[in-house]
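Chemist: next one to model:
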Amino acid sequence: MNAQFYYRLIRGFLSEEKAMPPHCDRETVIYSDEIFINAGDPISSLFILIKGNVKIKSVSTSGDNAIIASLSAPQILGITEFLRKMDTFGASVYADGDCQVIKVSVTQFEDTLNEYPDSYRILAPYLASLAIQNMNESESRLILNNEERLGLYLLNSCRLKTFPYYIRDTRERIARNSHLNLRTLYRYIDEFVEKGLLSRNKNRLYITAEQYRKLQNRFSQLV
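Modeler: Reported below is the predicted structural model:
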């Protein structure tokens, strides 16, 4: 795979031409819910998403998950870390339904940019649109009501986990992640328990498989 191939891919798939990518023997199908980038892994390759959708997942210090973005093809996953010269991925990525990616080594991507400087001009509007999307998603989180913010936190925290799932974040961390004050959080925890959306054993909060399904039915459209 040479630099010309990747330049054609970037120019055709990300620019106004919207050309389909050329055939590539390294195209890989990622199956639904499969994690193919793990936060903290060394950045040896970038992943060009040419088909499908993915979700970006961050991990708190306690190990709980939060979905911070939903992206659709075309995307270059890892481009932000690459441009910032980071050594590791800052978040995990998993497939939201089957998707197709092309794996590009960092060295090959650098060679492409060096050999075809025009790639930077093509990448600029793409990176701008990605930044706007991130800002819009952050803004949408702010317009949710208190119940929706807590429901979304609970839904994301136990995604891809086995049940019953015990929430490891402290009440203070839950409040920060849900943009609630502690008093409001305790009130909504009581309401969620009463509605069968959450369980409590003494001071521990946990979610059963049935409660996860209820959370999905009620809050999944917010993700």
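
Chemist: which SS class is the residue nearest the centre of the chain?
Modeler: By Cα atoms, centre = their mean, the mean C-alpha position of the chain lies nearest to residue 56, the distance being 0.8 Å. The local conformation at residue 56, judged by DSSP: H, G, I helix; E, B strand; the rest coil, is strand.

Chemist: so it makes contact with residue 92?
Modeler: Yes: counting by Cβ atoms under 8 Å, residue 92 is a contact partner of residue 56 at 7.5 Å. Where you see a C-beta, it was placed from the backbone N, CA and C, and this is true even at glycine.

Chemist: ok, back up a step: which residues does the residue nearest to the centre of the chain bridge with?
Modeler: Beta bridges link residue 56 to residue 69, residue 93, judged by DSSP bridges.

Chemist: could you measure it against residue 111, distance?
Modeler: Residue 56 sits 27 Å away from residue 111 when distances are taken as Cβ to Cβ, to the nearest Å.

Chemist: same deal with residue 169?
Modeler: 43 Å.

Chemist: between those two, who's got more neighbours?
Modeler: residue 169 (20 against 15; other Cβ atoms under 10 Å).

Chemist: now name the helix or strand holding the more buried one.
Modeler: Counting by DSSP states H and E, no helix or strand carries residue 169.

Chemist: the helices in the chain, which residues?
Modeler: Under the criterion DSSP state H, helices of the chain are mapped to 3-14, 79-83, 106-115, 118-142, 146-157, 171-178, 182-194, 209-219.

Chemist: below-threshold pLDDT in the chain: ranges please.
Modeler: Residues of the chain meeting the criterion pLDDT under 70: 1-27, 58-68, 125-126, 128-143, 159-160, 222-223.

Chemist: domains in it, by residue range?
Modeler: With domains defined by automatic domain parsing, the chain comprises 3-142, 146-222.

Chemist: how far out from the middle of the chain is the shortest one?
Modeler: If I follow you right, that is domain 146-222. 19 Å (Cα atoms, centre = their mean, to the nearest Å).

Chemist: could you dump stretch 215-223 to CSV, C-alpha only?
Modeler: Extracted in CSV, the C-alpha atoms of stretch 215-223 (Å, rounded to 0.1, in the frame of the first residue of the first chain):
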residue,chain,number,x,y,z
LEU,A,215,-33.1,2.6,30.4
GLN,A,216,-32.6,1.8,26.7
ASN,A,217,-36.2,2.2,25.9
ARG,A,218,-36.4,5.5,27.7
PHE,A,219,-33.1,7.2,27.0
SER,A,220,-31.3,5.5,24.1
GLN,A,221,-32.6,8.2,21.6
LEU,A,222,-30.5,10.7,23.5
VAL,A,223,-27.2,9.0,22.7
